[in-house]
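Engineer: prediction below, plus the sequence it came from.
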Amino acid sequence: MTDTPPDWVLIEAAKRSEWTLITTDEMRKRYWTYNPTFHALCDMIQKYEQPPVDRKLLCAREADRLGRLKTEHSEWIAIRAIELWEEGFGRD
């Protein structure tokens with residue numbers, strides 16, 4: 001891989017490396033210069049894993065899907081998305 005990986009990859013690799021106080025700019029520098037292990041970890045994450053999906057987006061998609069089954073309008077969908085969020089929909 002010749003490009004710097006997306007931020008989600010850098011962030012996930014930093015979490016697994018137990019780096020807590022580091023910016024994404026610093027992660028990019030470490031990817032290319034300081035740490036070949038971090039570089040390899042990022043490459044493996046990018047190759048074999050999918051980016052995480054935001055729970056808010058999951059809730060909105062589910063509410064939209066449920067709303068299509070009803071004849072109500074978009075206000076119901078927005079309300080249902082908030083309810084799904086509060087109910088914990090999409091948590092691991």
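Structural biologist: Received, thanks. Numbers count the residues shown, from 1 in each chain.
Engineer: what about the chain, any weak spots by pLDDT?
Structural biologist: Scanning the chain with the threshold set as pLDDT under 70 gives 1-2, 67-74, 92.
Engineer: quick one: the helices in it?
Structural biologist: Using DSSP state H, the helices of the chain run over 7-16, 24-29, 36-48, 55-68, 74-87.
Engineer: now mean neighbour count too, for the ones you listed, in JSON lines please.
Structural biologist: Heads up, the C-betas are built off the backbone N, CA and C, glycines and all. Shown next, in JSON lines, are the helices of the chain (neighbours: other Cβ atoms under 10 Å):
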{"stretch": "helix 7-16", "mean neighbour count": "18"}
{"stretch": "helix 24-29", "mean neighbour count": "15"}
{"stretch": "helix 36-48", "mean neighbour count": "15"}
{"stretch": "helix 55-68", "mean neighbour count": "15"}
{"stretch": "helix 74-87", "mean neighbour count": "14"}
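Engineer: which residues does stretch 12-29 contact?
Structural biologist: The contact list for stretch 12-29, computed with Cβ atoms under 8 Å, 6 or more residues apart in numbering, reads 4, 7, 10-11, 30, 38, 41-42, 45, 49, 52.
Engineer: please redo it, this time with the cut-off set to 6 Å
Structural biologist: Stretch 12-29 is touched from outside by 4, 7, 10, 38, 41-42, 45, with contacts defined as Cβ atoms under 6 Å, 6 or more residues apart in numbering.
Engineer: and for stretch 47-59?
Structural biologist: With Cβ under 6 Å, 6+ apart as the test, stretch 47-59 has contacts from 8, 81, 84-85, 89-90.
Engineer: between the residues you listed, which is nearest A60?
Structural biologist: Nearest to A60 among the contacts of stretch 47-59 is A81, at 4.5 Å by Cβ to Cβ.
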